[in-house]
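Chemist: For reference, the sequence and a predicted model appear below.
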Amino acid sequence: MATAVAVAVAGTALALSGCAGTPIGARTTPTPQPSGPSTAAVSPSAIPDCGVTLASLGFTNGPRLAFTVPRDSYVTAASDQAGLVTVVFAAPTADDVYEYLLVALPKTGFTVTARHADPTTPALAFTGQGWTGEFTGNGTTSAITLRPVG
């Protein structure tokens, strides 16, 4: 159960003010065959300066052109399947990812449907672009899970 929670969701709030850097641990070989309910890209101006799309990290499934994560994310594990996309982060902190998602999700076509703001165990649920998602974290570890609607 703890593994499922840890693999549930991740995000960051390095604040849109001072985040920059290069994705660490990012996957490097994107494959140009998106699949899933939505493959529409969002306007580049909608993506926070400190964010990167799942596509830029090499994901081929999910809302890869619309869903963003903090640019300085350190991805430790990932599942990139048509019916389930999971990203596990070792950095930034779970609280930072949570804060990032609160700002980034509405800008890229997602609606936050539930949230738990406790800094020790932040969590979010959201929907958009034909997908539902969850984020959860604890300290320096967090995860995001995305599933197609329906």
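Modeler: Nice, thanks for sending it over.

Chemist: What segments of the protein are helices?
Modeler: Taking DSSP state H as the criterion, the chain contains helices spanning 2-6, 15-18, 94-107.

Chemist: Do I have it right that Thr113 meets Gly128?
Modeler: No - using C-beta atoms under 8 Å, Thr113 makes no contact with Gly128, being 9.6 Å away. All C-beta atoms are positioned from the backbone trio N, CA, C, and that covers glycine.

Chemist: More neighbours: these two, which one.
Modeler: Gly128 (20 against 13; other C-beta atoms under 10 Å).

Chemist: what pairs with that one across the strands?
Modeler: Judged by DSSP bridges, the bridge partners of Gly128 are Phe110, Trp131.

Chemist: what about it, distance to Ala78?
Modeler: Computed as C-beta to C-beta, to the nearest Å, the Gly128 to Ala78 distance reads 20 Å.

Chemist: And Gly109, by the same measure?
Modeler: If you go by C-beta to C-beta, the gap between Gly109 and Ala78 works out to 22 Å.

Chemist: So Pro119 is in contact with Asp95, correct?
Modeler: Yes - if you go by C-beta under 8 Å, Pro119 and Asp95 touch, sitting 4.8 Å apart.
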